[in-house]
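Enquirer: okay, sequence plus prediction incoming.
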Amino acid sequence: MAFQDHPSFPDYPQMIMGAIEGLNEKEGSSKEAITNYIESNYVDLPPTHATHVGHTLEKLRQTGQLMMLKDDTYILNDEQQEEEELADEPTNGLSGLTSSPIKRGRGRPPKPKGNNNTPSGPGQIQPVRPRGRPPKERDPLAPVTRPSKPPSSGRPRGRPKKNPSEVSVSSVTGGGAGIGGVKRGRGRPRKS
């Protein structure tokens with residue numbers, strides 16, 4: 001479009017920065033307020049002006065020129081840095097008592113990148129613990145005894161093994177065959 005080449009219009013980032021400075025809202029300016037401010041100060045804007053503002057706001061936020069606060073409001077990043085510098089300066093010997101808390105970004109903070117095997121304290125090396133439950137503390141003066149095997153009841157542990165001789169006996173006696181010596185299939189018989 002001819003809008004970008006128009007000499008009287010600054011580009012969108014400059015218009016947005018000027019709108020935020022002109023609105024001068026403490027809690028930040030919303031996208032709608034920025035759009036309305038630009039529409040009231042500039043004429044002959046393109047019909048896709050609102051989408052241009054949205055895309056440019058997102059680009060400025062990603063590059064760090066703008067900061068997004070809660071409720072989708074934007075402030076200039078320079079103003080945020082000046083507010084933090086003013087909060088860090090001591091006032092009348094009451095440093096930190098009256099300063100406002102530092103605002104955090106939205107969402108969960110990212111995990112710290114680095115080596116997870118670093119010791120927790122300075123100069124402390126943590127030994128590698130073996131897997132499993134640690135052994136019980138034993139009295140060094142007590143005599144060493146080996147654990148005795150519990151008496152078996154004659155039966156082995158677990159499910160008993162199939163005896164091949166029992167399987168062949170059941171087939172010989174006719175346990176698996178139907179009428180007339182024909183073995184039936186599994187499941188419900190068909191209707192006839």
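Expert: Arrived safely.
Enquirer: and residue 141, what is it in contact with?
Expert: Neighbour list for residue 141: empty [criterion: C-beta atoms under 8 Å, 6 or more residues apart in numbering]. To be clear about C-beta, it is placed using only N, CA and C from the backbone, and glycine gets the same treatment.
Enquirer: any idea how far residue 192 is from residue 68?
Expert: 76 Å (C-beta to C-beta, to the nearest Å).
Enquirer: what about the nearest residue to residue 66 once chain neighbours are set aside, how many residues close to it?
Expert: Nearest residue to residue 66, sequence neighbours excluded (C-beta to C-beta, 6 or more residues apart in numbering): residue 60, at 4.2 Å. Neighbour count of residue 60, defined by other C-beta atoms under 10 Å: 21.
Enquirer: hmm, back to that, ok, residue 192 and residue 68, which is more surrounded?
Expert: Per other C-beta under 10 Å, whichever of residue 192 and residue 68 has more neighbours is residue 68, with 16 against 3.
Enquirer: right, and the more buried one touches residue 76 too?
Expert: No - contact status for residue 68 versus residue 76: not in contact, 11.6 Å apart, counting by C-beta atoms under 8 Å.
Enquirer: pLDDT averaged over stretch 135-148 - what is it?
Expert: Mean pLDDT, stretch 135-148: 79.
Enquirer: now stretch 158-166
Expert: Mean per-residue pLDDT for stretch 158-166: 79.
Enquirer: repeat for stretch 185-192
Expert: Throughout stretch 185-192, pLDDT has a mean value of 86.
Enquirer: run through who's touching it.
Expert: Against stretch 185-192 from outside (C-beta under 8 Å, 6+ apart): no residues.
Enquirer: just the helices in this protein please.
Expert: 12-23, 31-41, 49-63, 77-88, 164-172 (DSSP state H).
Enquirer: got the buried residues for the longest one?
Expert: Pointing back at helix 49-63 there. For helix 49-63, burial by neighbour count (16 or more other C-beta atoms under 10 Å) applies to 49-50, 52-53, 56-57, 60.
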